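Student: what follows is a protein structure lacking sequence information:
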């Protein structure tokens, strides 16, 4: 099957995104980017499913690959995983021509991407996302990071991959929670940028939840198109790229307050989008009916729409450390309408506290 | 006293280097670059000498600064120091507008610079080098890194500072070993790029060793000019910038084999330059007299010219992990003449082994 190919337009840092079933083992997609030895970074859940097949398809370069298998989960998106990658690369005398292949979900992509960004001050990386969340969001755009106990994604780098290879067949084996978590970011792309796409998601909830291949491929392609266009405009998030953080100010606080990995990222973002929508309505930017429409869609996609119990002090503590903040003010991404969002730095504290108190 | 100012020509990443006595407290040099709160990163030797004076000169922004004081020494150029900076920044909710001021020698500059490169995916950094080595070399060019037990500077990023402020008055208090270590990099700039400068150093050994201010300022300025020109040509070391690594292939191996911090970086580079010169002579690129001339100069500057006892296997192990290597071949920077160097990937193993055996 011929893949769909999009291009992230970033000049000499631009790259293709290939989307389709069975791409994992299409060696022709990797070949142009293999400038040196391969270092495959994956986790202990993904490795038994796909690591051998991927490397076997790459011939001698595959059998000669360095393999790094990390423990699964957001809780290990930290220095210990990074150090494991560095140690393996150094033990094998990996040089600057080495190419990291990040095979897995958002955690693997972020950690392996950050290792590639910093090993010997930067080596190449190929993203092979195997979760819906990674295929529609985290593998595209070059954001890499690890978590810090005091905040999500606080340590990281912008490091664009050489290519993204999204094999939609890998989604068939995803656990339901992981799958739903990815749909949260799909809905986010509609909510901030494309009302028509949001309506399409609403009309196709059943097909999406049933993992219908045609519906899924459309959802992934449209998400990647939206994200690629935003990244091309604002690679390092000095402006419009911040809109992709809709739901993330609240969401990151949920993840940090509960301990990274307790809620999945996409779950926290779903509950966070509902809170951000409520805050938008509370200060008169959108109607209450818009909030309900978004909340209804997220619930139908199998996502939590009610935040966990967190004291107002803890909310403020974690949101006070969000990367978008400036000069001590919490920065929010709020909706101007369904399909349109803005960065808001002057949301009144009283409105925020009311939204949190009712959460 | 009016500072000498050079410019590193890197387009929108370009920046000035100010050199002169008393610059540490000239607030006008900092002001254009203070876009947010200050985070001063220094070490426990430098802090009592200069931290209060520097911050006092910056007024309210100075008294409001976050302070991070690292333990002194190359042995702590590691994750633990980096983590200390991250934790302090997060505890104070430092945002993306925060400006790191790196006050100290090469270790502080490299660690603080790497923290700035990776905190929230990158914040601004001002380099205020207080050692000769940092003023003539490490504060300029944007290389940041920490060491790994398996290799020197193996984890890092390219992250250009916003300005370099080199106060030559701080050199008066440097311990003699530290001071001599800086002269090694001064001599290196002559050896690879400027025979006239090398001859000037030879003619001014006594003045330099006596820390004569006029001689020192010339040595610093000429070193920065040479380095800035090379960096402007090749920011990310895909070509000519590798020449600045003359002596470093052997030198890094010395540092790693003995444990980071046992020999100072400049000391290891001095002994490393002698070995690189011997290898150059051994394969007929320069004359034996050139080797002796360089060796004589380095000894006169108070530097070690004989490498410590390391077995050939250990030499090969550490040099085998050098960042310049490709495809399993050790890459050397060798002299074509005094004042001219080249990257050499095909030095015969036999010649290398003879040089090491005689070391």
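Tutor: Looks like it came in fine. Just so we're clear, the structure is a prediction, and the values are computed from it rather than from any experiment. Residues are numbered from 1 along each chain as shown, chains lettered A, B, ... in the order given.
Student: in the stretch 101-250 of chain A, what residue lies closest to chain B?
Tutor: residue A:150 (3.9 Å; CB to the nearest CB). All C-beta spots, glycine's among them, are computed from the backbone N, C-alpha and C.
Student: quick check: that residue vs residue B:64, distance?
Tutor: Using CB to CB, to the nearest Å, residue A:150 is found at 20 Å from residue B:64.
Student: so the two - more neighbours on which side?
Tutor: More crowded of residue A:150 and residue B:64, by other CB atoms under 10 Å in any protein chain shown: residue A:150, with 16 against 12.
Student: so the nearest residue to that one once chain neighbours are set aside is in which element?
Tutor: Nearest residue to residue A:150, sequence neighbours excluded (CB to CB, 6 or more residues apart in numbering or on different chains): residue B:90, at 3.9 Å. Residue B:90 belongs to helix B:79-91 when assigned by DSSP states H and E.
Student: try residue A:271
Tutor: helix A:265-282.
Student: show me which positions of the helix holding residue B:90 end up buried.
Tutor: Across helix B:79-91, burial judged by 16 or more other CB atoms under 10 Å in any protein chain shown covers B:79, B:81-82, B:84-86, B:88-90.
Student: determine the three-state secondary structure at residue A:165.
Tutor: strand (DSSP: H, G, I helix; E, B strand; the rest coil).
Student: number of residues surrounding it?
Tutor: Residue A:165: 27 neighbours (other CB under 10 Å).
Student: then residue A:95?
Tutor: 23.
Student: so it, which of the three states?
Tutor: coil.
Student: related to what we said a few turns ago, next helix or strand past the helix holding residue A:271?
Tutor: helix A:288-300.
Student: what residue lies at the spatial centre of chain A?
Tutor: Most central in chain A under CA atoms, centre = their mean is residue A:138, positioned 2.7 Å from the mean C-alpha point.
Student: who's in contact with that residue?
Tutor: Going by CB atoms under 8 Å, 6 or more residues apart in numbering or on different chains, residue A:138 touches A:105-106, A:109-110, A:129.
Student: strands of the stretch 151-300 of chain A, start to end?
Tutor: All strands of the stretch 151-300 of chain A, identified by DSSP state E, counting those that start in this stretch, fall at A:151-158, A:163-167.
Student: show residues contacting the helix holding residue B:90.
Tutor: A:79, A:83, A:148, A:150-151, A:154-155, A:321, B:39, B:41, B:66-68, B:70-71, B:98, B:100, B:111-112, B:114-115, B:119, B:146.
Student: any residue of the helix or strand just after it up close to chain A?
Tutor: Once helix B:79-91 ends, the next helix or strand along the chain (criterion: DSSP H and E) is strand B:99-104. No. Against chain A, strand B:99-104 shows no contacts by CB under 8 Å from any CB of the partner chain, the least distance being 13.3 Å.
Student: partners of strand B:99-104 in the sheet?
Tutor: strand B:38-43 (parallel), strand B:124-129 (parallel) (DSSP bridges).
Student: now the helix or strand following that strand, how far from the centre of its chain.
Tutor: Note on strand B:99-104: by DSSP H and E, the next helix or strand toward the C-terminus is helix B:106-118. Distance, stretch centre to chain centre, for helix B:106-118: 12 Å (CA atoms, centre = their mean, to the nearest Å).
Student: also stretch A:6-21?
Tutor: With CA atoms, centre = their mean as the basis, stretch A:6-21 stands 16 Å off its chain's centre.
Student: tell me the buried residues in that stretch?
Tutor: A:6, A:8, A:15-21.
Student: hmm, that stretch touching chain B?
Tutor: No. If you take CB under 8 Å from any CB as the test, stretch A:6-21 misses chain B, and the best it gets is 11.7 Å.
Student: ok, stretch A:324-331 next?
Tutor: Yes. Applying CB under 8 Å from any CB, one finds stretch A:324-331 touching chain B at A:324-328.
Student: quick one: contacts of that stretch?
Tutor: For stretch A:324-331, the surrounding residues in contact (CB under 8 Å, 6+ apart) are A:242, A:245, A:249, A:316, A:319-320, A:322, A:333, A:343-347, A:352, B:36, B:93, B:95-97.
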